[in-house]
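>>> After the sequence you'll find the predicted model.
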Amino acid sequence: MRIVVQRVKRASVKVEDKIVGQIKEGALVLFGCHKNDIENQIPWLANKLVNLRMFHDENDKMNLSLLDIKGEVLIVPQFTLYADCIKGRRPSFIDAMDPKIAKTYFEEFTLEVKKHISSVQTGIFAALMEVDLLNYGPVTFIVDAKKD
């Protein structure tokens with residue numbers, strides 16, 4: 001599993017011109033699954049997200065987490081995080097997880113984050129989405145799930 005975490009002042013996601021998820025200060029999280037990922041990686045990845053120190057403290061150091069600032073989270077499923085762009089011009093998605101399993105992992109990851117964060121919104125799995133955000137910094141992290 002892989003997440004791309006962007007520290008934001010605000011973020012939203014639309015499907016068919018309707019806002020389906022929207023947050024204020026916190027993190028926009030793009031979530032993707034590799035075909036070899038396993039379910040027991042989900043709690044580790046969610047814990048890493050909510051405790052990642054990406055917000056500034058009173059000394060202007062990145063010492064505060066989503067938990068510390070009571071930040072919000074918008075999680076957007078994105079299978080293209082596992083695109084292979086090495087050969088040719090068309091990305092290959094053979095490393096992306098089967099969508100039926102990936103949807104379950106996306107839902108489980110969201111539930112795991114909700115155990116820690118009170119305001120969690122999501123995009124819609126397999127939908128054509130428009131994501132709007134104000135990345136603050138910019139600050140962006142790529143986090144891969146811990147392999148056992």
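Ah, there it is. Residues are numbered from 1 along each chain as shown.
>>> where does the residue sitting furthest away from the middle of the chain land on pLDDT?
Residue farthest from the centre of the chain, counting by CA atoms, centre = their mean, is Gly88 at 28.0 Å. Among the per-residue scores, Gly88 holds a pLDDT of 94.
>>> any idea how far Thr80 is from it?
Per CB to CB, to the nearest Å, Gly88 is found 16 Å from Thr80. Bear in mind the C-beta positions are built from the backbone N, C-alpha and C, glycine included.
>>> next one: Glu112
Distance from Glu112 to Thr80, by CB to CB: 22 Å.
>>> do Ile117 as well
25 Å.
>>> do the same with Val29
Distance of Val29 to Thr80, computed by CB to CB: 15 Å.
>>> what pLDDT does Asp148 get?
Per-residue confidence (pLDDT) for Asp148: 62.
>>> sorry, that was for Ile42
On pLDDT, Ile42 comes in at 97.
>>> contacting residues for it?
Residues near Ile42 by CB atoms under 8 Å, 6 or more residues apart in numbering: 1, 105, 108-109, 112, 145.
>>> Okay, and which of those map to helices?
The members of the contacts of Ile42 that map onto helices under DSSP state H are 105, 108-109, 112.
>>> Sort out which of those are buried, if you could.
Buried by 16 or more other CB atoms under 10 Å: 105, 109, 112, out of the ones in helices among the contacts of Ile42.
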